[in-house]
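K.L.:
Here's my sequence, what's the structure:
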Amino acid sequence: MKSVSFLLVDDLEENLLSLEALLRRDDLVLLKARSGDQALEMLLKEDDIALALVDVQMPGLDGFELAELMRGSERTRRIPIIFLTAGSTDGRRRFRGYEAGAVDFLQKPIEPDILRSKTEVFFQLHRQKQQLAEQRDELKAYAEALSEAGRRKDEHLVTLAHDLSQNETMRAQQDVLLREINHRIKNLFSLTSGLITLSARTAASVDELADDLRERLDALARAHELTLPDLSGGTNVAPTDTSVVALLRAILAPHEHDQESRITISGADVPISSGTLTSFALLLHELATNAAKYGALATRDGRLTVTVSEIGDDLRMEWIEKATTAPRSSPGGREGFGRTLERSVLRSLAGTLMREWNERGLVLTLTLPRSRFAGG
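P.N.:
I've put the predicted structure just below:
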């Protein structure tokens, strides 16, 4: 740490030598001036003086006048001044001294212990000031280093973005896509946690839990692939929406036969935004799973017809299952997680789901507000 500096001002050399002998220490620099004018010259050169010990009675510029000049300058006005006087200590002189900016008076001959005690206070105050200044400088340097690191990071990211893009518009679209993907990942993590919790309540075994979760997550993966842009073309990287018909085909594709289609999808191809996609895909997956386990898709000759229509402000989907042979299990027995998820999704989408059973199978009518598909 930098040494502390005191300014000693006295017109008598022996007085300066005496003060120097009393105050000398390794970490203290004592600057000596034989006159007020010489002291002013030193003050112009030195900018970190902790204390000025000034003799009051000096030829030419006396101590009071020197103090007034110091107080008049922004550079020196905050330097503490202790007056040294061998003259009278009447109230008027003290008042003038304090008015000139003094913090204390010491009467000559000076008591060494008193001098050391009083100057030690200003020494320690200045030490604390230096420590605070060093800490401030360290914090400033740290802040500048962080700023530089941030600038370099930004430059690096810009460079990477530039390498992956062809123009400024594409970089902006990439930023939108990254935010969208980040949002989806967070939602999917939360959704997966919920699926695990609810599935664990109804699963009869670990294998059943694993199979159910795997099927649902595979369905979500197929659904979200529909909203990912084609990056091979090079320009359009903005996140895209898909449609209800495209989502139905993706969810039902695993249940198709290679030789003959037994699933028919028709009607209005309504756009569906990415915000609604997850909930709607889970609902369709549950319907497809029920059909594959208990309904029309559980038999080779079963048929599933899905028709999508727009009626006023609503989207209506008719799900009709027909089978010439009885399904493997009664559809009325399907309860638990599937129905819990179904009710949750319908509540979040403000929709209704009606089931009508007949001798040939199931007629299911799903009604949802179209606004949910546009807003996500």
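K.L.:
switch to C-alpha atoms for all contacts and neighbour counts from now on
P.N.:
OK.
K.L.:
Tell me the confidence at the closest residue to residue 112 other than its chain neighbours?
P.N.:
Spatial nearest neighbour of residue 112, excluding adjacent residues (CA to CA, 6 or more residues apart in numbering): residue 22 at 6.5 Å. Looking at residue 22, its pLDDT stands at 92.
K.L.:
How about residue 132?
P.N.:
Reported pLDDT for residue 132: 89.
K.L.:
Next up, phi/psi of it, please.
P.N.:
When quoted as degrees, to the nearest 10, the phi and psi of residue 132 stand at phi -60, psi -40.
K.L.:
got it, and residue 84?
P.N.:
According to degrees, to the nearest 10, residue 84 has phi -110, psi 120.
K.L.:
for this protein, what spans make up the helices?
P.N.:
In the chain, helices defined by DSSP state H lie at 13-23, 36-45, 63-71, 91-100, 112-164, 168-202, 206-225, 244-252, 274-294, 337-349, 370-375, listed in chain order.
K.L.:
I'd like the ones you listed laid out as CSV, including distance to residue 30 and mean neighbour count.
P.N.:
Listed next are these as CSV, based on distance: least, CA to CA, whole Å; neighbours: other CA atoms under 10 Å:
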stretch, distance to residue 30, mean neighbour count
helix 13-23, 7, 15
helix 36-45, 12, 15
helix 63-71, 18, 21
helix 91-100, 23, 15
helix 112-164, 12, 13
helix 168-202, 62, 15
helix 206-225, 77, 16
helix 244-252, 86, 20
helix 274-294, 75, 21
helix 337-349, 80, 16
helix 370-375, 77, 16
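K.L.:
Determine which of these approaches residue 1 most closely.
P.N.:
helix 112-164 (7.8 Å; CA to CA).
K.L.:
Centre of the chain to that closest one, how far?
P.N.:
24 Å (CA atoms, centre = their mean, to the nearest Å).
K.L.:
Over to stretch 42-53?
P.N.:
Offset of stretch 42-53 from its chain centre (CA atoms, centre = their mean): 46 Å.
K.L.:
Report the buried residues of stretch 98-112.
P.N.:
98, 100-102, 105-106 (16 or more other CA atoms under 10 Å).
K.L.:
Can you add pLDDT and distance to residue 322 and give these back as TSV?
P.N.:
Compiled in TSV, those are given as follows (pLDDT from 0 to 100; distance: CA to CA, whole Å):
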residue	pLDDT	distance to residue 322
98	80	106
100	75	106
101	75	103
102	81	104
105	87	109
106	87	111
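K.L.:
Alright, I will stop here.
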